[in-house]
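> Predicted model follows, preceded by the sequence.
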Amino acid sequence: MLPAHVRFLFSDYFDGCGRALPGRAVRMEGHAHTDHADGYSPARACVERALAMGLDILVFAEHMRRGAPWRDAYFYEIEALKAEFAGRLRIMCGIEATALAGQGGLDTDPQSLERAELVVGSVHGLWAAGQGGDRDPFHRPSEQETLCAETELLHALACDPRVHVIGHPFGTYFERFGHPPAQAVLDLAQLAARQGKALEINVRHMDAPWFASLLAPAAGAGLLFWPASDAHLARHVGRAAMALFPAEFPDTHSL
Ligand SMILES: [Zn+2]
Ligand SMILES: [Zn+2]
């Protein structure tokens with residue numbers, strides 16, 4: 001369950017046709033990486049970008065696999081930035097953890113789960129998710145195999161009490177096969193809503209407008225949505241908010 005102060009109701013944002021409602025945007029970036037892992041920009045540059053755009057909230061969600069050597073440095077830096085910019089920008093120190101098939105379920109460690117303010121649980125490569133199992137790492141799953149395997153992992157994330165936000169849902173399927181079946185998305189959305197989990201609308205790994213339009217008519221109280229750029233460069237911070245709520249950012253296209 002998300003902390004009360006970071007719960008955003010999807011139905012507060014869109015009309016029944018998936019169009020963003022004016023004046024309802026939360027000026028938020030829900031998924032930014034840093035140069036601690038595979039991002040290219042220092043965290044401070046992401047903060048400066050968020051301030052330049054007039055965002056209210058910046059969520060860092062660094063990859064935090066088990067034994068990640070950057071763990072302490074990452075937490076130390078983001079917590080220091082959070083204190084430094086308090087009152088000007090709400091910075092949240094989150095992590096992104098990869099779903100694993102089988103026991104454990106999440107490729108991260110208890111120390112990171114303890115220290116993170118929130119956890120984005122994501123599927124990153126279906127066969128890698130079988131690490132330690134007997135799957136052939138070079139196997140190329142068919143469309144149906146991909147859908148079944150990703151759906152299974154996404155449902156496990158939705159039910160995992162350690163996870164708050166489901167990262168780029170069906171992003172693996174989308175990269176190879178395009179839009180997933182609408183019913184699979186709606187089923188996941190319903191499960192996420194029941195579990196109090198937010199669902200990312202991720203502009204890097206998904207067709208965000210299609211996803212938003214599909215979910216908007218079915219949106220109701222309890223379905224939470226999370227604008228996520230999955231920014232790996234500071235200049236990508238805020239992309240999701242701009243794409244979903246262009247009217248809210250009339251002066252930032254030149255940034
Ligand atoms: Zn990811
Ligand atoms: Zn990410």
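Happy to help now that I have it. Computed from a prediction, not measured in an experiment: that's the story for all the values here. Ligands and ions are numbered 1, 2, ... in the order given.
> Nearest spatial neighbour of the residue in the chain that ligand 1 sits nearest to, chain-adjacent residues omitted?
As assessed by CB to the ion, ligand 1 sits closest to S122 within the chain, at 4.0 Å. All C-beta spots, glycine's among them, are computed from the backbone N, C-alpha and C. In space, and not counting its chain neighbours, S122 is closest to G167: 3.2 Å by CB to CB, 6 or more residues apart in numbering.
> Can you report how many residues lie near that neighbour?
29 (other CB atoms under 10 Å).
> R65 too?
18.
> Quick one: name the residues of this structure near ligand 1.
S122, G167 (CB under 5 Å from the ion).
> I'd assumed R204 was in contact with the residue nearest to S122.
No - counting by CB atoms under 8 Å, G167 does not reach R204; the two are 10.3 Å apart.
> Would you quantify the distance from the residue nearest to R90 when sequence neighbours are not counted to ligand 2?
Closest residue to R90 apart from its sequence neighbours, by CB to CB, 6+ apart: I57 at 4.7 Å. Distance of I57 to ligand 2, computed by CB to the ion, to the nearest Å: 17 Å.
> Phi, psi for I57 please.
phi -140, psi 130 (degrees, to the nearest 10).
> Return the residues in contact with it.
V6, V26, R27, M28, E29, G30, L89, R90, I91, M92 (CB atoms under 8 Å, 6 or more residues apart in numbering).
> A43 too?
Here A43 is in contact with T34, D35, H36, F60, E77, I78, L81 (CB under 8 Å, 6+ apart).
> Pull the most distant pair out of these.
Maximum pairwise distance among those (CB to CB): 13.5 Å, between D35 and L81.
> burial count for the residue in the stretch 151-255 of the chain positioned nearest to ligand 2?
Residue nearest to ligand 2 within the stretch 151-255 of the chain (CB to the ion): D230, separated by 4.4 Å. Using other CB under 10 Å, D230 has 26 other residues around it.
> Can you show me the helices along the stretch 151-255 of the chain?
For the stretch 151-255 of the chain, helices defined by DSSP state H, counting those that start in this stretch occupy the ranges 171-177, 182-195, 208-215, 239-244.
> The closest residue to A184 other than its chain neighbours and G196: what is the separation?
In space, and not counting its chain neighbours, A184 is closest to T151: 5.8 Å by CB to CB, 6+ apart. From T151 across to G196, the span is 20 Å (CB to CB, to the nearest Å).
> How about the contacts made by the residue nearest to G125 when sequence neighbours are not counted?
Leaving out its chain neighbours, the residue that sits closest to G125 by CB to CB, 6+ apart is T172, at 6.8 Å. Contacts of T172 were listed using CB under 8 Å, 6+ apart, and they are V123, H124, G125, L126, T146, E150.
> Recalculate using a threshold of 6 Å.
Neighbouring residues of T172 by CB atoms under 6 Å, 6 or more residues apart in numbering: V123, L126, E150.
> cool, A50 as well?
So A50 contacts L58, L89, V237 (CB under 6 Å, 6+ apart).
> since we're on the first one, how many residues are nearby?
Neighbour count of L58, defined by other CB under 10 Å: 29.
> Tell me if I am right that it is in a strand.
Yes - counting by DSSP: H, G, I helix; E, B strand; the rest coil, one finds L58 located in a strand.
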